[in-house]
Every structure is written in structure tokens, then in C-alpha cells.
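Novice: Pasting a predicted model and its sequence here:
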Amino acid sequence: MLRSRARTGGRVYLSVAFLASLALLVLTASPALAATISGFVRGANNGEALTYATVTLAGNARGAMTNQKGYYVITGIPEGTYSVIISYIGYLPTTRSVTLSSEQELTLTVELAPGRLQLETVEVTAEASELQETPGTLTMKTPQLTAMPAAVEADLFRAVQALPGVSTLSDFSAGLYVRGGSPDQNLILLDDIDVYNPSHLFGFFSTFNVDAVKTGELQKAGFPARYGGRLSSLLDVHNRDGNRKHFAGTIRSSIIASSATMEGPWRKGSWMVSGRHTYIEPLARAAKIDLPYKFYDVHGRVNYDVADNDRTSLSYYTGHDNLAWDKPGLNLALDWGNDTWSAQWTHIFTQRLFSHFVLGHSSFDSRATFAFQ
């Protein structure tokens, strides 16, 4: 009898992301009697924060984009009357008229209704010397992930493999080879916490249920120094906040697995829970193949708005694989998987100072038992 146990990645994270330096530069550069506009941009259908929405002032060069939490701030605005234009791809733009006085701090939170936009043909030309050589960031959202063609079922890693600069070893591997780097050189984050070996079925599927994923942001190069420890790329995955308007649910079934996602509002926040379980073992048994293997994963998130300037959330993820091979001459039992959780607090000290605190834990556990008979 030979027993082995390996445990890796047991780390506790405490990160404080302050945008104070940039905010202070903006503060010192703003006119003495200038006004400020700030707030959140959300979707009217579910209350989800809209990341990288555009907020501009008509007839004025000032504007801003929302951050990962949907928050924006525009400073240094002279007094007067302005039309504030809020837009986001896939949503109908809206315009709000505001009148600002000197040193006024206006909070403007907007909800955008989803809709289709008919755009005119745009032709963009540039000389080779004018092209920017800075590396770009590619972001995929839930509708894109679920709409991607899939051989078995929608998968985050399979969708990322379709992006420029990303390839795979074979059709049977979900490992990401970004610009020639190996899969172990990629940093995979789920709600700002490391996820180790994020794959099922020995690398065939990723551990992320696409219905639970809000965004998957791939940075192929040039990512900030705080994401050190990896050489190839950064894949930053965020769970959905949950529907803040009404209860909703999604059930999916594929050849090898079924999943269910439920979400809805509660008190001053929202919740989301999603689970997936495979039925490879009974299918293999029906095909007269002995394959005692199964996997599951569970995503969960709870959000609570303590106040207008204080928002908290708690996320949890667990996913495990199990193989129990009991044959004459060999008894093999394998069990491995990830467990992560993160608690986050977003606080707005002033309109020009935004903070985000994260406390979390991640671990990868592997157990193996061999018995030769």
C-alpha cells in the first residue's frame, strides 16, 4: 500500500488597491473653483455594474470610464450647464442634463437599458509609424462566452484560445499557451485570488462555469507589477454579482455535464450561486466502458451595500475531481481540486479617492492512494 498526499498553494492574500496617487494628481491639477461629477453605471435589467462604460460631457473635452466596480469620476469641471452622455456597448446611451456651481460635488448614478445600436460604417486608416505598440487587454463577457461555438459545452479557456496570440497544445487540452509561454506561466485569478491548476478531466475543461462568470480579462503582456510571479499572461476572472432586480435562473445540459445558476436580490444587495456536475461515469457505463471518474464545481457570491459609499461582497469557489480505479492488481484513488474564497470591501472616501480592499485564501489539494494486489 502506497499513500501520497500533496498540498500546494495554501496562501492567504491581503491586498489593498488604492487609486490615491492618481486621484491626488487630478486633485492638485484641477482648478480651485471646479466642480466634480461621480457615481456608478449599472445595467437596468439586472443592476450589474458596467465595467469600462464611457461618461462624457457634450461640448467639453472632459470625460471618464468606469472601473471594474462601475465607478467613475470627472473632475475640474467649470461651473455651468452640461449634457452628460453615458454609453456602453450593447446598451442604449442616455443623456442627463446637469447644472453645476463652483466646487459642487454631484453624485450621478445611472442605469442603462440593454438594446441594439445601428452604427454607420467607420473607416479607420493610419500610417505604420502612428500605430501604438502598447500591448492590449482583451475582455470577454458572459454573453460572448455562452455564444462561442463549443464541441461539448461552453468553456472559458476554449473561448480564450480563440483570441489572437493564444494557442493550445491540442484539441484535447484547455491549457493556454500565450505567445509561446507554457500554461504554468499564466496567472489565473478568480475575484482577485489565485486559482491553481484550474482544469477538469486532466486538462480538458476549465473549472469556471461560464454562467457564473461576469468577465474574463486577458492581458498578454505589460500587466502591473502587483501581478508578479508569472511570465506569460494574466487571466483575471470575476464572478457575477447577481441580479439586483428580480430572481432569475439558468439550467444547461451538455453531453458530459449539467449546470444550474440562480441569482436574485436580497435586502440591500444581491446573491448568485452556480453549480456543475458531470455524469461521465454513468455514460461510460452505458457504453460498457469502465471509467470511474467525476468532477464538480460550485461558484457563490453575496453582495451587500452597507451604504452608498460602502459595498461589500463575499465570494466562494470549490471544484474537485475524483477517480476511483479498482481493478485486479491495482487499486487507485485520486482526488484533487481547488478551494478559494475572498471578502471584498469597496469604499469611496471622497469623490476623488476610491479604495478596494481584498482578503482571501486559495489552496490546491491533491490526494493519491495506490494499492497493488
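Specialist: Here it is on my side, so go on.
Novice: To which secondary structure element type does the residue nearest the centre of the chain belong?
Specialist: Nearest to the geometric centre of the chain sits residue 238, at 2.1 Å (C-alpha atoms, centre = their mean). Using DSSP: H, G, I helix; E, B strand; the rest coil, the structure places residue 238 in strand.
Novice: Next one: the residue lying closest to it once chain neighbours are set aside from residue 70, what distance?
Specialist: Closest residue in space to residue 238, ignoring its immediate chain neighbours: residue 214 at 4.7 Å, by C-beta to C-beta, 6 or more residues apart in numbering. Just so you know, the C-beta spots here come from the backbone N, C-alpha and C atoms, and that holds for glycine as well. According to C-beta to C-beta, to the nearest Å, residue 214 and residue 70 sit 11 Å apart.
Novice: next one: residue 121
Specialist: From residue 121 to residue 70 the distance is 31 Å (C-beta to C-beta).
Novice: Then residue 299?
Specialist: From residue 299 to residue 70 the distance is 20 Å (C-beta to C-beta).
Novice: what do you get for residue 54?
Specialist: With C-beta to C-beta as the criterion, residue 54 and residue 70 are 12 Å apart.
Novice: Run through the strands of the stretch 251-373 of the chain in chain order.
Specialist: For the stretch 251-373 of the chain, the strands defined by DSSP state E, counting those that start in this stretch occupy 257-266, 269-278, 293-307, 310-327, 330-350, 353-372.
Novice: out of the ones you listed, deepest packed?
Specialist: strand 269-278 (a mean of 21; mean count of other C-beta atoms under 10 Å).
Novice: C-alpha coordinates for it, PDB please?
Specialist: Extracted in PDB, the C-alpha atoms of strand 269-278 (Å, rounded to 0.1, in the frame of the first residue of the first chain):
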ATOM      1  CA  GLY A 269     -27.600  43.600  -2.200                       C
ATOM      2  CA  SER A 270     -27.700  40.500  -4.400                       C
ATOM      3  CA  TRP A 271     -26.600  36.900  -4.500                       C
ATOM      4  CA  MET A 272     -25.600  34.300  -7.100                       C
ATOM      5  CA  VAL A 273     -24.900  30.600  -6.800                       C
ATOM      6  CA  SER A 274     -23.900  28.300  -9.600                       C
ATOM      7  CA  GLY A 275     -23.100  24.600  -9.700                       C
ATOM      8  CA  ARG A 276     -22.000  22.000 -12.300                       C
ATOM      9  CA  HIS A 277     -21.700  18.200 -12.000                       C
ATOM     10  CA  THR A 278     -20.600  15.600 -14.600                       C
END
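Novice: Taking strand 310-327 as reference, get the angle to it.
Specialist: Put simply, strand 269-278 runs at 10 degrees to strand 310-327, going by axes from the mean of the first three to the mean of the last three C-alpha atoms, to 10 degrees.
Novice: still on that earlier bit, between residue 54 and residue 70, which is the more surrounded one?
Specialist: residue 70 (22 against 17; other C-beta atoms under 10 Å).
Novice: Buried residues in stretch 187-207, which are they?
Specialist: 187-201, 203-207 (16 or more other C-beta atoms under 10 Å).
Novice: same thing with stretch 81-88?
Specialist: 82, 84, 86-88.
Novice: next one: stretch 156-170
Specialist: 156-161, 166, 168.
Novice: Name the nearest residue to residue 47, ignoring sequence neighbours.
Specialist: residue 244 (2.7 Å).
Novice: which residues does the one you found contact?
Specialist: 42, 46-48, 265, 269-270 (C-beta atoms under 8 Å, 6 or more residues apart in numbering).
Novice: how does it look with 10 Å?
Specialist: 42-43, 45-49, 111, 263-266, 268-271, 303, 305 (C-beta atoms under 10 Å, 6 or more residues apart in numbering).
Novice: One more: residue 323?
Specialist: So residue 323 contacts 202, 281, 291-295, 332-336, 368 (C-beta under 10 Å, 6+ apart).
Novice: looking at the sheet around residue 42, what are its partners?
Specialist: When assigned by DSSP bridges, residue 42 has beta-bridge partners residue 49, residue 111.
Novice: Show the pLDDT at residue 64.
Specialist: Residue 64 is assigned 94 on the pLDDT scale.
Novice: In contact with it: list those residues for me.
Specialist: The contact partners of residue 64, taken as C-beta under 10 Å, 6+ apart, are 37-38, 53-57, 71-75.
Novice: want to throw the strands of the stretch 251-373 of the chain into TSV with distance to residue 94 and mean pLDDT?
Specialist: Below are the strands of the stretch 251-373 of the chain laid out as TSV (distance: least, C-beta to C-beta, whole Å; pLDDT from 0 to 100):
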stretch	distance to residue 94	mean pLDDT
strand 257-266	23	92
strand 269-278	22	93
strand 293-307	22	92
strand 310-327	23	89
strand 330-350	22	90
strand 353-372	23	88
